[in-house]
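Engineer: Structure, please.
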Amino acid sequence: MTGRRQHYAHFHGLLPLSSPLERDGRPLVLVHGNCQAESLRVLLAGDGSTPVRTVRVPPVHELTHEDLPRLQRVLDEVDVIVSQPVREGYRDLPLGTADLLARAPRRPRLVVVPVLRWAALHPFQVIVRSPAAGEPPLVPYHDLRTLTVAAGRPELPEVPSARAVRAVRDLSARELRARQERHDALPVVDLFEAAGAEATHTVNHPGNAVLRGLAGRVLAALGLPADVPDPGRTLLDSVHAPVLPAVLDALGLPGPGRADWLVHGEVTTDADVRAAHLRWYAEHPGVAQAGLARHAEAAAELAA
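Structural biologist: Have a look, this model is predicted:
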């Protein structure tokens, strides 16, 4: 038995979706999306006393054609689908949000949650998708300062101005609000703002306070009690990015900042990450230029 089959035992049919003791009237919830979706599911599941039942499924980008019958087995029983916006025919498979709704015979309720990205604490950090090149070494994130060097562009300041920090924060909030409105998703910008220095570990890994707040809003949208207990551990804990003291000062937030990366519990210096990424960009021409084009507005704010 593979580790994947054990980890997703209910999904693979090794355990029933509902035992006799669990058939207690609580709705069965499928949470669909990326790694953020699993953390949201953990919070909705709680210690088993929460007002919903959940089933652990692989993130959408890991699902394969062979998984479709297993996913259908789950869809046959779900009462609620909580989903990030996933386009129809994602990766040429019926994994989009609308695809799942169409395949679920019980006509489940849908709650849409946005993809969570927040750059306030990490104004230089961006995500660049390059399927041909894959991910850079050490950490799967890109730094606009390193991208400009790799692309032969004028270098960005090592430490951003207070104005630039706040401009990138506002840009991040504007983009997130646009995603919320475009997909009629639950609001989350205020959760990031309220979480302050604890809002994120990286641009796409929210802290517990944000995730718990969103889980509560999911339950409230279903008309259920919205108290979400602390999970007793840090979710999305694999990577913690550096946080510049100047960024915290610009945002009026407490804390000393963090100079290094923490990757799976091990310290990695920012200098090592940037050196490894420069070598990687040299081996994958065009990635740096594409990244700068994708994040031109943030780069321009940081250069001003």
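Engineer: What segments of the stretch 151-300 of the chain are strands?
Structural biologist: 200-202, 205-206, 239-240, 261-263, 266-268 (DSSP state E, counting those that start in this stretch).
Engineer: now for these, which one comes closest to Asp79?
Structural biologist: strand 205-206 (26.0 Å; CB to CB). For the C-beta atoms, the positions are set from N, CA and C on the backbone; glycine is no exception.
Engineer: And the contacts of that closest one?
Structural biologist: 35-36, 116, 118, 192, 195, 199-200, 236, 238-239 (CB atoms under 8 Å, 6 or more residues apart in numbering).
Engineer: now swap in stretch 153-162 and tell me
Structural biologist: 123-124, 144-145, 148-149, 164, 168, 244, 246-247, 249-250, 292, 299, 302-304.
Engineer: separation between the closest residue to Ala298 other than its chain neighbours and Ala150?
Structural biologist: Leaving out its chain neighbours, the residue that sits closest to Ala298 by CB to CB, 6 or more residues apart in numbering is Val168, at 5.4 Å. In this structure, Val168 and Ala150 are 20 Å apart, going by CB to CB, to the nearest Å.
Engineer: do Ala226 as well
Structural biologist: 46 Å.
Engineer: Those two: which is more packed in?
Structural biologist: Ala150 (24 against 15; other CB atoms under 10 Å).
Engineer: How about the backbone phi and psi for that one?
Structural biologist: Backbone geometry at Ala150, expressed as degrees, to the nearest 10, gives phi -60, psi -30.
Engineer: Enumerate every residue touching it.
Structural biologist: Residues near Ala150 by CB under 8 Å, 6+ apart: 277-278, 281-282, 287-288.
Engineer: again with Glu175
Structural biologist: Arg117.
Engineer: What does the pLDDT read for it?
Structural biologist: Listed pLDDT for Glu175 reads 98.
Engineer: and if you look at the one 5 residues further on?
Structural biologist: The predicted structure scores Gln180 at 97 on the pLDDT scale.
Engineer: how far away is it from Pro154?
Structural biologist: Separation of Gln180 from Pro154 (CB to CB): 35 Å.
Engineer: and what of Leu186?
Structural biologist: From Leu186 to Pro154 the distance is 40 Å (CB to CB).
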